[in-house]
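[1] Sequence and predicted structure below; questions after.
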Amino acid sequence: MNIVMVTNTYLPHVGGVARSVDAFTTEYHRRGHRVLVVAPEFPGTPAHEQDVVRIPAIQHFNGSDFSMALPVPGLLRDALESFQPDIVHSHHPYLLGMTALRIARSRRRPLVFTHHTRYEEYTHYVPLNVPKLKRFVIELATHYCNLCDQVFAPSESIASLLRERGVLTPIAVVPTGVRIEQFASADGPGFRRALGIPQDAFLVGHVSRLAPEKNLHFLAEAVARFLKIHPRTHFLVVGTGPSEPDIRSVFARSGLSGRLHHAGVLGHPRLADAYHAMDVFAFASKSETQGMVITEAMAAGLPVVALDAPGVRDVVRDRYNGRLIQIESTQAFALALGWVLELPAAQRRALSGAALKTAREFSLERTADKALAHYQALLSQAPANKSEEDAAWERVINLIKAQWEITRGMAEAAGAALRSAEPPVAPDA
């Protein structure tokens, strides 16, 4: 089978979608399928990549660590002619997601879309972040889902949310799987020695792209509160991003900088070493559709303490493989961490065993089986005629372009006025 993966984020970018695309691509290759990845350029992109088409992009869009792909007519034509796709799989509803739609329609191939992200939680990356913009983003993703032949939801809670929002396209729950063997064993004590973490410390850990949508200010406050109560505890953060200074600031104000350890971005096998160095995994994001790092942590046998949220509640079961906290309270979060710390050794081993059992339910082999079965089912069906929907979608895209130009103009005008030493002069009526 020839599968085109179209995504706005891909390696070397650090994030859940990039890792998901890479995981499925690697597994499909292992099974003998061909995969062509279409993605934007990112800083550090390798000079020579096999079966990857890079689209020129604006880097660090609006101060984020994302790239915004630029439309380049005809850039993909030769690659697609040579590749001859059977399936087009889109991983975003906008930017290159529009390209995926055009590829699928022009070649009369099934279009699959994975709803990786609760996009309304990311509107802080664009100017004029207001409630109406959040509603607009939700409607945009919903309309895109209804232009596709199949939607993959990473969790049952997200599948339910999409149905509530009016998605009529068939929805299948297909999480991003974890390679259990990559996290089964590692050198946790060696990792602690390398970072100067005491071997007898109780280590709270966190892995993510360090960005505001991960609710990291709350997490830092909650973990700092826990560390203040329990002297032999430390906090390990793995990842990088714009929220790193905020985390450091919280711990500095609390007088706990010496018990905060930042490891940066890690690949395998060092990432597995980091998980095995931890005693509990802490997660406070409310913007997830799945939370891949949760299943990775569980594959390393870690209990998870997390806020109750869509995607998270599909994996974390309270007092079975961790703690699921119903209210966003730093006190409640700190108490839950304390609950894990104070458990007798036998009960903590039971939590760890339950975490491993849960992780096996999310193995990459199982999730790839599901995805490929849906691809095959689509290929056995005649493609649907969605010309009316496509025309409506083009009108939506034109509206987005117009609105973006207006928003950008307003933002530039406001910035120029603020930077000017002279007060702005009102134009003549």
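    Okay, I see it. Residues are numbered from 1 along each chain as shown.

[2] Double-check Leu324 against Asp308; I have them as touching.
    Yes: with contact defined as Cβ atoms under 8 Å, Leu324 and Asp308 form a contacting pair (5.1 Å). Glycine gets a C-beta too; all of them are placed from N, C-alpha and C.

[3] quick one, which of those two is more surrounded?
    When neighbours are counted by other Cβ atoms under 10 Å, Leu324 comes out ahead of the other of Leu324 and Asp308, with 20 against 15.

[4] you'd agree that one is in a helix?
    No: counting by DSSP: H, G, I helix; E, B strand; the rest coil, Leu324 is not part of a helix but strand.

[5] Name all residues that make contact with Ala300.
    Phe183, Ala184, Ala186, Ala272, Tyr275, His276, Met278 (Cβ atoms under 8 Å, 6 or more residues apart in numbering).

[6] Pull the most distant pair out of the residues you listed.
    Ala184 and Met278 (15.1 Å; Cβ to Cβ).

[7] Looking at those two, which has the bigger crowd around it?
    Counted by other Cβ under 10 Å, Ala184 and Met278 do not tie: Met278 has more neighbours, with 27 against 14.

[8] separation between the more buried one and Tyr28?
    Counting by Cβ to Cβ, to the nearest Å, the gap from Met278 to Tyr28 is 31 Å.

[9] Also Val237?
    Distance from Val237 to Tyr28, counting by Cβ to Cβ: 32 Å.

[10] more neighbours, these two?
    More crowded of Val237 and Tyr28, by other Cβ under 10 Å: Val237, with 27 against 19.

[11] Tell me the bridge partners for that one.
    Beta-bridge partners for Val237, by DSSP bridges, are His206, His262.

[12] residue contacts, it?
    Val237 neighbours (Cβ under 8 Å, 6+ apart): Gly205, His206, Val207, Leu210, Glu244, Ile247, Leu260, His261, His262, Ala263.

[13] now with 10 Å?
    Listed by Cβ atoms under 10 Å, 6 or more residues apart in numbering, the contact partners of Val237 are 204-208, 210, 216, 219-220, 223, 243-244, 247-248, 251, 260-264, 274, 282.

[14] before we move on, what about Ile229?
    Ile229 makes contact with Ala334, Leu335, Leu337, Gly338, Leu341, according to Cβ under 10 Å, 6+ apart.

[15] and what of Tyr10?
    Here Tyr10 is in contact with 17-19, 21-22, 25, 37-42, 45, 49, 52, 54, 67, 91, 96 (Cβ under 10 Å, 6+ apart).

[16] excluding its backbone neighbours, what's nearest it?
    Nearest residue to Tyr10, sequence neighbours excluded (Cβ to Cβ, 6 or more residues apart in numbering): Ala39, at 3.6 Å.

[17] now, which of the contacts of Val237 lie within strands?
    Val204, Gly205, His206, Val207, Leu260, His261, His262, Ala263, Gly264, Ala282 (DSSP state E).

[18] Just the buried subset of those, written out for ChimeraX, thanks.
    Buried subset of the ones in strands among the contacts of Val237, written as a ChimeraX selection, criterion 16 or more other Cβ atoms under 10 Å:
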select :204,205,206,207,260,261,262,263,282
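
[19] Just the closest of the ones in strands among the contacts of Val237 to Thr169, please.
    Val207 (32.5 Å).

[20] wouldn't the closest one be in contact with Met278 here?
    Yes: using Cβ atoms under 10 Å, Val207 is in contact with Met278, at 9.1 Å.

[21] low-scoring pLDDT stretches of the stretch 251-400 of the chain, where are they?
    Within the stretch 251-400 of the chain, the stretches with pLDDT under 70 are 382-400.

[22] Do a quick rundown of the strands in it.
    260-264, 280-283, 304-307, 322-325 (DSSP state E, counting those that start in this stretch).

[23] Serialize these to CSV and add fields for distance to Ala373.
    Shown next, in CSV, are those (distance: least, Cβ to Cβ, whole Å):
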stretch, distance to Ala373
strand 260-264, 38
strand 280-283, 30
strand 304-307, 29
strand 322-325, 31
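
[24] Out of the ones you listed, which is closest to Thr295?
    strand 304-307 (9.3 Å).

[25] What's the PyMOL syntax to select whichever of the contacts of Ala300 are buried?
    Here is the PyMOL command that picks out the buried ones among the contacts of Ala300, judged by 16+ other Cβ under 10 Å:
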select buried, resi 183+186+272+275+276+278
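
[26] just checking, which of the contacts of Ala300 belong to helices?
    Phe183, Ala272, Tyr275, His276 (DSSP state H).

[27] and which of the residues you listed is nearest Leu147?
    Distance to Leu147 across those (Cβ to Cβ) is lowest for Phe183, with 37.0 Å.

[28] what about burial for the contacts of Ile229, which qualify?
    Neighbour counting by 16+ other Cβ under 10 Å classes Ala334, Leu335, Leu337, Gly338, Leu341 among the contacts of Ile229 as buried.

[29] what's the closest of the residues you listed to Thr289?
    Thr289 has its nearest neighbour among the buried ones among the contacts of Ile229 in Leu337, at 24.8 Å by Cβ to Cβ.

[30] Just give the nearest non-adjacent residue to that closest one, would you?
    In this structure, Leu337 finds its nearest non-sequential neighbour in Phe226, 4.5 Å apart by Cβ to Cβ, 6+ apart.

[31] what sits against the one you found?
    Shown in contact with Phe226 (Cβ under 10 Å, 6+ apart): 202, 204, 233, 235, 280, 282, 305, 330-331, 333-338, 341.

[32] go on, Phe183?
    Contacts of Phe183 (Cβ under 10 Å, 6+ apart): 268-269, 271-272, 275-276, 295-302, 356, 359.

[33] Need the per-residue pLDDT for it.
    Per-residue pLDDT puts Phe183 at 96.

[34] Could you measure from it over to His276?
    8 Å.

[35] Need the overlap of contacts for those two.
    The contact sets of Phe183 and His276 overlap at Pro269, Ala300, Gly301, Leu302 (Cβ under 10 Å, 6+ apart).

[36] and these as JSON lines, adding distance to Arg163?
    As requested, those are exported to JSON lines (distance: Cβ to Cβ, whole Å):
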{"residue": "Pro269", "distance to Arg163": "40"}
{"residue": "Ala300", "distance to Arg163": "34"}
{"residue": "Gly301", "distance to Arg163": "35"}
{"residue": "Leu302", "distance to Arg163": "32"}
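
[37] In PyMOL, select just the buried ones from the residues you listed.
    Burial among these is assessed by 16+ other Cβ under 10 Å; the matching PyMOL selection reads:
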select buried, resi 300+301+302
